[in-house]
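**Q** Pasted the sequence and its predicted model underneath.
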Number of protein chains: 2
Amino acid sequence: MKPDLAKLSPTELRHVIRQGDYTGPTSGLCPGYTQANLVILPRDLAYDFLLFTQRNPRPCPVLEVSDIGSRQLNDFAQDVDLANDFPKYRIYRQGSLTSEVTSVADIWQEDFVSFLIGCSFSFEAELIAAGIEVRNITEHVNVPMFNTNIPLKSAGNFNGTMVVSMRPIPEAQVPVVVQVTGAMPKVHGAPIQIGDPQAIGIKDLTKPDYGDPVTINQGETPVFWPCGVTPQNVIMQTKPPLVITHAPGHMLVTDVVNATLKY
Amino acid sequence: MKPDLAKLSPTELRHVIRQGDYTGPTSGLCPGYTQANLVILPRDLAYDFLLFTQRNPRPCPVLEVSDIGSRQLNDFAQDVDLANDFPKYRIYRQGSLTSEVTSVADIWQEDFVSFLIGCSFSFEAELIAAGIEVRNITEHVNVPMFNTNIPLKSAGNFNGTMVVSMRPIPEAQVPVVVQVTGAMPKVHGAPIQIGDPQAIGIKDLTKPDYGDPVTINQGETPVFWPCGVTPQNVIMQTKPPLVITHAPGHMLVTDVVNATLKY
């Protein structure tokens, strides 16, 4: 990362990324501003997917949906180009990853609908502000994520089970953690399970299905939140002809501050 | 109202209504259970309307969307028939009310999508539980509702301005009222304006655009909430070929208790 990136405003950072001058992860950039996951689908799948997110808001909190074909937003960012302002994109055809690119302008279609989905970066920032250690940040790794047996509500061809993220929390801090994250339903909200991984079908906390394992100290409770990997997983299982997502960790930095996601 | 209606469970009440044995308003029935507004649209308008509700969740809090063509629900009620379980329906063609009926089974279409939308009955019950007088209930009239200049976010052909409901609240109780209703975003959430009707384009509180005027006593502040009449208004302005709604005050009584709408 160039040292001066840390000082950029969201608009300035998006300009740098749009020019192709930064293609790395966005973690830690523009602290305090909401970062967003991306799913781009053609219009003929957009109704079922929007309905899927309406029925499963905990793992699929939609921040904004673009107009059909538009590369702009109305709410979460001005001066934005959805085809260029994520540092890295993944292109999936028939459910298989076919390429990772820094722009999707050349394959943009008039029937594309872009879904911006809330990300746990936002609630992690609030947890830290409340004096809670977030272990994956302390250990500089990706948060551990697990497949579960928690069923999702289906919509059209979209269905499956929930993916969760896990953060170990000192027992005495669990109530505060529930309150802080519960106040942010647009970024997954309160935990979905506290302290009993087996109850949701997780066998081994040291072997996450995605991300990295983190240390769990004595006296700490594993706390599980609905995870934004869920919608991507569900979409891939339907093997649509074409889907575009952000590359993991390479998010859109928006103009909205995390604190406003509470209201 | 038959005297024994008050003792029925939601399922029992829906059976009575389904048989055509009760066609009156649902206010006060099955206290504590969530009641829902209805909008039925054909599939080709459903995406734009669902997107409209996603962009305007305050006036358009969607509780559940049916599968295409289905008269059942998955979440808010078991043993339900959406074509018969509202005591009264309104049928609009090209934006004009053409009839009011007690069943829409005979005109049901395979492409119908039913939207259940949250209703302020739920938060009024919570306000009363918190010791707040709800004037329209005390005075046995419909809540006063007003057109405003608050712009909505458009989606497809759906756009317009917000309709609000007004309840006068003693000044000292306003903070409690904000907290109680703010905790229920699925039924309109916190007020949108407190104390200044002219700021949102309302000229005369004694002349509501819908519903009835209520007494405002000295020391009381008019408090305004986003209102579920908004989506119906917006739909009618687009003059779609066919829309079905519930008749005002004639709601679906669901199996869900109001308190769970907080989470």
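**A** Noted; the coordinates are in hand. Numbering: from 1, shown residues only, chains lettered A, B, ... in the order given.
**Q** so how far is A:Ser120 from the residue in the stretch 151-263 of chain A that chain B sits nearest to?
**A** As assessed by Cβ to the nearest Cβ, chain B sits closest to A:Lys153 within the stretch 151-263 of chain A, at 6.6 Å. Backbone N, C-alpha and C define where each C-beta goes, glycine included. As defined by Cβ to Cβ, to the nearest Å, A:Lys153 lies at a distance of 21 Å from A:Ser120.
**Q** Which one's more surrounded, these two?
**A** Each of A:Lys153 and A:Ser120 has its neighbours counted (other Cβ atoms under 10 Å in any protein chain shown); A:Ser120 has more, 24 against 14.
**Q** for that one, what are its contacts?
**A** A:143, A:165, A:187-188, A:225, A:227-228 (Cβ atoms under 8 Å, 6 or more residues apart in numbering or on different chains).
**Q** Go through these and name the one nearest B:Met236.
**A** Taking Cβ to Cβ as the measure, B:Met236 lies nearest A:Val187 of the contacts of A:Ser120, at 35.1 Å.
**Q** didn't that closest one look like it was pressed against A:Ile117?
**A** No: assessed by Cβ atoms under 8 Å, A:Val187 is found out of contact with A:Ile117, at 9.3 Å.
**Q** List the buried residues in stretch A:144-160.
**A** A:144-148, A:150, A:152, A:154-155, A:158-160 (16 or more other Cβ atoms under 10 Å in any protein chain shown).
**Q** Show the end-to-end separation of it, please.
**A** Criterion Cα to Cα, to the nearest Å; first-to-last residue distance in stretch A:144-160 is 20 Å.
**Q** for chain A, what's the longest helix?
**A** helix A:43-55 (DSSP state H).
**Q** is chain B contacted by it?
**A** Yes: applying Cβ under 8 Å from any Cβ of the partner chain, one finds helix A:43-55 touching chain B at A:46-47, A:50-51, A:54-55.
**Q** returning to what we had before: what is the nearest of the contacts of A:Ser120 to B:Val80?
**A** Of the contacts of A:Ser120, the one sitting nearest to B:Val80 (Cβ to Cβ) turns out to be A:His188, at 29.9 Å.
**Q** What distance do you get for the closest one to A:Val164?
**A** Computed as Cβ to Cβ, the A:His188 to A:Val164 distance reads 9 Å.
**Q** what's the closest non-adjacent residue to the residue of chain A found nearest chain B?
**A** Across chain A, no residue is closer to chain B than A:Tyr47, which sits at 4.2 Å (Cβ to the nearest Cβ). Nearest non-adjacent residue to A:Tyr47, counting by Cβ to Cβ, 6 or more residues apart in numbering or on different chains: B:Tyr47, 4.2 Å away.
**Q** Give me the neighbour count for the one you found.
**A** 22.
**Q** Give the full set of residues in contact with it.
**A** The contact partners of B:Tyr47, by Cβ under 8 Å, 6+ apart, come to A:46-47, A:50, B:156.
**Q** And the pLDDT for it?
**A** In this model, B:Tyr47 is scored at 97, pLDDT.
**Q** where's it relative to A:Arg43, distance?
**A** Counting by Cβ to Cβ - B:Tyr47 and A:Arg43 are separated by 8 Å.
**Q** cool, and A:Val229?
**A** 24 Å.
**Q** these two touch, right, A:Gly160 and A:Ile235?
**A** No: A:Gly160 lies out of contact with A:Ile235 (Cβ under 8 Å); the separation is 9.4 Å.
**Q** picking that back up, so can I have a markdown table of the residues of helix A:43-55 next to chain B showing distance to B:Asn74?
**A** Formatted as a markdown table, those follow (distance: Cβ to Cβ, whole Å):
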| residue | distance to B:Asn74 |
| --- | --- |
| A:Ala46 | 21 |
| A:Tyr47 | 17 |
| A:Leu50 | 17 |
| A:Leu51 | 12 |
| A:Gln54 | 12 |
| A:Arg55 | 8 |
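**Q** In a helix, A:Ser122, correct?
**A** Yes: counting by DSSP: H, G, I helix; E, B strand; the rest coil, A:Ser122 is part of a helix.
**Q** surely it meets A:Asn258?
**A** Yes: here A:Ser122 reaches A:Asn258: they are 4.4 Å apart, a contact under Cβ under 8 Å.
**Q** Neighbour count: these two, which is higher?
**A** The residue with more neighbours, out of A:Ser122 and A:Asn258, is A:Ser122; 27 against 22, by other Cβ under 10 Å.
**Q** any idea how far the more buried one lies from A:Tyr33?
**A** 9 Å.
**Q** just A:Pro87 next, same as before
**A** From A:Pro87 to A:Tyr33 the distance is 15 Å (Cβ to Cβ).
**Q** can you check A:Asp212 too?
**A** According to Cβ to Cβ, A:Asp212 stands 25 Å off from A:Tyr33.
**Q** Who has more neighbours out of these two?
**A** Of the pair A:Asp212 and A:Tyr33, A:Tyr33 is the one with more neighbours under other Cβ under 10 Å, namely 21 against 13.
**Q** so what's the more buried one up against?
**A** A:10, A:253-258.
**Q** Give me the neighbour count for the closest residue to it other than its chain neighbours.
**A** Using Cβ to Cβ, 6+ apart and skipping residues adjacent in sequence, the residue nearest A:Tyr33 is A:Pro10, 5.2 Å away. A:Pro10 has 25 neighbours, counted by other Cβ under 10 Å.
**Q** A:Val229 and A:Arg43: which is more packed in?
**A** A:Val229 (22 against 14).
**Q** my read: the more buried one touches A:Met145, true?
**A** Yes: between A:Val229 and A:Met145 there is a contact under Cβ under 8 Å: 5.6 Å.
**Q** Between those two, which contacts overlap?
**A** In terms of Cβ under 8 Å, 6+ apart, A:Val229 and A:Met145 are both contacted by the residues A:163, A:210.
**Q** SS state for A:Asn37?
**A** strand.
**Q** Give the other helices and strands that the helix or strand encompassing A:Leu63 contacts.
**A** Here A:Leu63, judged by DSSP states H and E, is contained in strand A:62-65. On a contact count with 3 or more Cβ pairs under 8 Å, 6 or more residues apart in numbering or on different chains; DSSP states H and E, strand A:62-65 meets strand A:33-42, helix A:43-55, strand A:112-118, helix B:43-55.
**Q** Specify the stretch among the ones you listed that is closest to B:Asp81.
**A** helix B:43-55 (19.7 Å).
**Q** Return the set of buried residues in that closest one.
**A** In helix B:43-55, counting by 16+ other Cβ under 10 Å, buried: B:45-55.
**Q** Then stretch A:6-21?
**A** Neighbour count says stretch A:6-21 has A:8, A:10, A:13-18 buried, by 16+ other Cβ under 10 Å.
**Q** As a markdown table, those with distance to B:Gly219, pLDDT and secondary structure would be great.
**A** Output for the buried residues of stretch A:6-21, formatted as a markdown table (distance: Cβ to Cβ, whole Å; pLDDT from 0 to 100; DSSP: H, G, I helix; E, B strand; the rest coil):
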| residue | distance to B:Gly219 | pLDDT | secondary structure |
| --- | --- | --- | --- |
| A:Leu8 | 51 | 94 | coil |
| A:Pro10 | 45 | 97 | helix |
| A:Leu13 | 51 | 97 | helix |
| A:Arg14 | 50 | 98 | helix |
| A:His15 | 53 | 97 | helix |
| A:Val16 | 56 | 97 | helix |
| A:Ile17 | 55 | 97 | helix |
| A:Arg18 | 56 | 98 | helix |
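**Q** Which element, helix or strand, includes the nearest residue to A:Ala6 once chain neighbours are set aside?
**A** What sits nearest to A:Ala6 in space, not counting adjacent residues and going by Cβ to Cβ, 6+ apart, is A:Leu29, at 6.8 Å. For A:Leu29, there is no helix or strand it lies in under DSSP H and E.
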